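Asker: let's see this in three dimensions:
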Amino acid sequence: MNPIGTELNKNETFLKREDYHKNLWRKISAIKDTIKLGGGKSAVQKQHEKGKLTARERIDKLIDKDSKFFELNTLAAYQMYEEYGGAPSSGTVFGIGKIHNRDFVIVANDATVKAGAWFPITAKKNLRAQEIAMENRLPIIYLVDSAGVFLPLQEDIFPDKEHFGRIFRNNAVMSSMGIPQISAIMGPCVAGGAYLPIMSDEALIVQGEGSVFLAGAHLVKAAIGEEIDNETLGGARVQSNISGVTDYIMKNDEECIQQLRSLTSKFGSQDKAGFNRIQSVKPKFNSSEIYGILPEDTIKPYDTYELLARIVDDSEIDEYKAGYGKTLITAYARIDGWAVGIVANQRSIVKTDSLKGAGEMQIGGVIYSDSADKATRFIMNCNQKKIPLVFLQDVTGFMVGSKAEHGGIIKDGAKMVNAVANSTVPKITIIIGNSFGAGNYAMCGKAYDPRFVYAYPNAKIAVMGSAQASSVLLDIRMKQMEKSGKAFTDSDKEKLLKEISQAYDEKNNPLYASARLWIDEIIDPAQTREYVSYSIEFANNNPNMLRFNTGVIQT
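Answerer: From the prediction side, this is the model:
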């Protein structure tokens, strides 16, 4: 093992960086805290007045005491659907929690948000929860309390392959895979949404609050003229004792949660993937120093080895091809005791040792042919040895220009993308800075099936950097205006460039990406070790390292 990292000089530059990144995280944390109020304090109070717990209260009581709920997609729908009053966390809470010391995916409708109605992004979030359950072979619990599809947006949620119906398809697939699914109907469960709990293996229903039917009383009257109330139509006693649709009648939320814990306590054990883990050793340097290592401007360089020294156990790595392809760091290491293979963009400017250009400088964060070649071989090695891969993205793309093209950069980049796409070991991706263009793909972006993908608060995700994109877009806009015969002054040009840059920056930040589920969660950089460790722990539940790719289950 090779020791890495140095004692940092906590000078003015370090302190400015530290303050900048801590403030970024404080802002993200404040947004998350607001989102966790769901529909607001008055909506929560109304829920309590009905004798019902909120979604997060139900989860807190369901998981083991003193355990942590690993929430994902907290920021789903952030600043979306504003014309309808918004949909905090898309009206659904989802994550992974321990019940009797076993990991479960838990999905809970938040009835304080539009009565738990399903927006388009809500369906996408539920599909992501099921995907995680399938990929990691985790049992799943649904806490159902929903008014059904949000009708004003029904065309964006109902008919397509990745829409609402895919959820029920996944229910059927998970049953065939032997992944346990239990649903607790703790409120309304209407129309197509009724299939989710009933396609689960077992269903509980809370008397007086839970109901399940294909059409509610109003629609029944409109359709066939029958007058009936919802409780008589599809309440707990009707669906349990007459139709036999549900399996257990519960008096209230509390009893329902205790029954869930009782049922899950009897699950049998399962095999593990067997990823290597030993006793965890803390890094030699404090993880909170990551704040002071990362620059305020993501274009500026820094030494990625210093970052790694605050993430890996004992600040030691076994670096693979250390002197070759230096703009990518490939290394075996341990994180919280887990053996991992790390592929990280080196953001400092490096010197090459090639015969063609000894001593020439290479730009940090750019993938060159030699670094792509190195990463390809390393990824294959990790697959052979069954070592999970951790990608630390801070990439501005592949090298361009005549020298790179003549050297076969497209061919070498394609080999790396191929290796990432066909990798079968779990991949965890963390965007620690830039994630631009094809570099996003090569470094295992969302399209390449990472088991989990996280981002730091300073992350930027886009086809290209803001400066380059703004210049291209400005040029296009200017030519359009010139064709129409409009005069274009320097002042107009400056104003237009500012407008384009602002619009572009709004869409390349992690809040925008998190709202649309391009990433699973924005994380505190100081907790990187914890997120990687949890992710591998979850992945270790699948002994076959099963892949979930474009809807096709492979083992």
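Asker: which non-adjacent residue is nearest residue 528?
Answerer: residue 311 (5.3 Å; CB to CB, 6 or more residues apart in numbering). C-beta here means a position set from N, CA and C on the backbone, and glycine is covered the same way.
Asker: isn't that neighbour right up against residue 288?
Answerer: No: contact between residue 311 and residue 288 fails when scored by CB atoms under 8 Å: they sit 11.8 Å apart.
Asker: the two: which is more packed in?
Answerer: residue 311 (26 against 14; other CB atoms under 10 Å).
Asker: got the confidence number for the closest residue to residue 97 other than its chain neighbours?
Answerer: The shortest distance from residue 97 to any residue other than its chain neighbours is 3.7 Å, reached at residue 63 (CB to CB, 6+ apart). For residue 63, the pLDDT comes out at 98.
Asker: residue 63: neighbouring residues, count only.
Answerer: 22.
Asker: you'd agree it is up against residue 100?
Answerer: No: the criterion here is CB under 8 Å, and residue 63 misses it with residue 100 at 9.8 Å.
Asker: just to revisit the earlier point, dihedrals phi and psi, the residue nearest to residue 528?
Answerer: phi -120, psi -40 (degrees, to the nearest 10).
Asker: how close does it get to residue 109?
Answerer: 36 Å (CB to CB, to the nearest Å).
Asker: same check on residue 79?
Answerer: Counting by CB to CB - residue 79 and residue 109 are separated by 21 Å.
Asker: over to residue 243?
Answerer: 22 Å.
Asker: so which of those two has more stuff around it?
Answerer: residue 109 (29 against 11).
Asker: tell me what that one is bridged to.
Answerer: Note on residue 109: beta-bridge partners by DSSP bridges are residue 92.
Asker: report pLDDT for it.
Answerer: pLDDT, residue 109: 96.
Asker: against residue 12, how distant is it?
Answerer: Plainly put, residue 109 is 49 Å away from residue 12 if you go by CB to CB.
Asker: and for residue 213?
Answerer: Taking CB to CB, one finds residue 213 at 66 Å from residue 12.
Asker: same check, this time on residue 145
Answerer: Residue 145 is 52 Å from residue 12, by CB to CB.
Asker: give me the more crowded residue out of those two.
Answerer: The neighbour count for residue 145 versus residue 12, taken as other CB under 10 Å, is higher for residue 145 (28 against 8).
Asker: for the more buried one, which non-adjacent residue is closest in space?
Answerer: residue 187 (3.1 Å).
Asker: okay, now the sheet partners of the helix or strand hosting that neighbour, with direction.
Answerer: Using DSSP states H and E, residue 187 sits within strand 181-190. Using DSSP bridges, strand 181-190 pairs in its sheet with strand 140-146 (parallel), strand 202-206 (parallel), strand 211-213 (parallel).
Asker: between those, which one is nearest to residue 397?
Answerer: Nearest to residue 397, of all the strands paired with strand 181-190, is strand 140-146, at 37.7 Å by CB to CB.
Asker: now do the helix or strand following that closest one: everything it contacts.
Answerer: Next helix or strand after strand 140-146 toward the C-terminus (DSSP H and E): helix 165-177. For helix 165-177, the external contacting residues (CB atoms under 8 Å, 6 or more residues apart in numbering) are 123, 126-127, 130-131, 133-134, 137, 140, 158-159, 181, 192, 195-196, 199-201, 551, 553.
Asker: now the buried members of the residues you listed.
Answerer: For the contacts of helix 165-177, a burial check counting by 16 or more other CB atoms under 10 Å picks out 123, 126-127, 130-131, 133-134, 137, 140, 158, 181, 192, 195-196, 199-201.
Asker: where do the strands sit along the stretch 351-500 of the chain?
Answerer: 361-362, 366-367, 389-395, 397-398, 427-436, 452-455, 460-462 (DSSP state E, counting those that start in this stretch).
Asker: distance of the residue nearest to residue 145 relative to residue 86?
Answerer: For residue 187, the distance to residue 86 - CB to CB - is 21 Å.
Asker: which of those two has more residues huddled nearby?
Answerer: Taking other CB under 10 Å, residue 187 and residue 86 do not tie; residue 187 has more neighbours (24 against 17).
Asker: sketch out the low-pLDDT regions of this structure for me.
Answerer: 192, 354-359, 465-470, 487-488, 545-555 (pLDDT under 70).
Asker: so in it, which helix runs the longest?
Answerer: Ranked by number of residues, the top helix in the chain under DSSP state H is helix 12-35.
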